[in-house]
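Engineer: Got a sequence here, can you build the structure:
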Amino acid sequence: MASRYQSEGNVQAMPSKLVYVDLKTTGFKKDAQACQIGSCCEDEEFTCYTCPTIEFELQATYKTYFYSNEGVLYQEGRILETLPMSEAWERFLRFLEEKCGGNVTLVMHRDAYHLPIIKRHLKELGLLEKFSVICKGVIDTLQLFRKEYPQIKEEGRGYELDELLSIIGLEETKPSELDALVAAKNLKELVDHEISQGNIDSYVLNNYFKSLTYIQEAENAKEDAKILKTEMPSLSKETAEKLVGAGISYYLLLSTYNEAGESGIRSLLSEEVNGQVRVTKSSMVIRKNIYDLQNRIKTEVSSPLEEQ
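Structural biologist: Numbering: from 1, shown residues only. Presented below is the predicted three-dimensional model:
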């Protein structure tokens, strides 16, 4: 990979300590559970196994060789020593707090997959608030390498962790797919190598940092957009998210339509704020908004008569 940052002046300290994390899980669905947590920070390492309460997906077992039976966790036929789910995650938080300094940024390869599982487990165990104090945010190295190194895709290669290691000439001791701690250590080795070569620095890493607050707000916005779509079915997902992002609720649209009619809706959606169109100037999109509002008003007006 060609060097992008050679000057020592570009190297700055990250505001919090980088902790590399990987999970092995039951699969790829939204209810997936962790069966192994692996993490490393500087010279410190952490790993533990826990037996999930749901079945492994066949695709996950095919990739990682993990499976469970009657409360026992196996990998390639070998029985693994496990901890109860609560103890496993409590130990992980203690590792972050005591061994990593308690002010950390989690570095993960594909945070959109790992972070929701981590947060769901911690929320179920009443540990999410403590985690939010310890962890300041996350960096997704998959997004980093995709955007900073587009030539990898152009060369017909992929961005899976082990393939990235092979591209830069680092031979992994064990496939990352089979062990969460190995994956975390491989990821750290990859990032450390790229930093040492001047290919990335803390400025680049900071560009891919997302605070937990930002992530939560984004999740809330998606939920609000889903609610808005139930009120206004003809909206596209993209338009619903734009409306929520602009602070426009269904009730604001409805009150605007009641007070100013179609012209009020057009003005609300197409006005420019700081040089940017608030939502859209598309006549078709605006018309869909008005159509939904008209139908909702008809429904609300007709409902009392139907009850009589």
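
Engineer: just for the chain, where's the confidence low?
Structural biologist: In the predicted model of the chain, residues 1-15, 171-173, 297-308 satisfy pLDDT under 70.

Engineer: now the strands for it?
Structural biologist: Remark: strands assigned in the chain by DSSP state E are 17-25, 34-41, 44-49, 66-69, 72-75, 78-79, 104-108, 135-140, 209-211, 272-273, 276-277.

Engineer: Could you dump these into a markdown table and include mean neighbour count?
Structural biologist: Every C-beta, even on glycine, is put in place using the N, C-alpha and C of the backbone. As requested, those are exported to a markdown table (neighbours: other Cβ atoms under 10 Å):
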| stretch | mean neighbour count |
| --- | --- |
| strand 17-25 | 23 |
| strand 34-41 | 25 |
| strand 44-49 | 19 |
| strand 66-69 | 17 |
| strand 72-75 | 16 |
| strand 78-79 | 9 |
| strand 104-108 | 24 |
| strand 135-140 | 22 |
| strand 209-211 | 16 |
| strand 272-273 | 9 |
| strand 276-277 | 11 |
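
Engineer: a markdown table for those strands, including distance to Phe56?
Structural biologist: What follows is those, written out as a markdown table (distance: least, Cβ to Cβ, whole Å):
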| stretch | distance to Phe56 |
| --- | --- |
| strand 17-25 | 9 |
| strand 34-41 | 8 |
| strand 44-49 | 13 |
| strand 66-69 | 5 |
| strand 72-75 | 10 |
| strand 78-79 | 15 |
| strand 104-108 | 21 |
| strand 135-140 | 25 |
| strand 209-211 | 30 |
| strand 272-273 | 49 |
| strand 276-277 | 47 |
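
Engineer: of the ones you listed, which approaches Thr230 most closely?
Structural biologist: For the strands of the chain, proximity to Thr230 was assessed by Cβ to Cβ; strand 276-277 is nearest, at 25.3 Å.

Engineer: Sheet-wise, list the partners of the closest one with their directions.
Structural biologist: Partner strands and pairing direction for strand 276-277 (DSSP bridges) are strand 272-273 (antiparallel).
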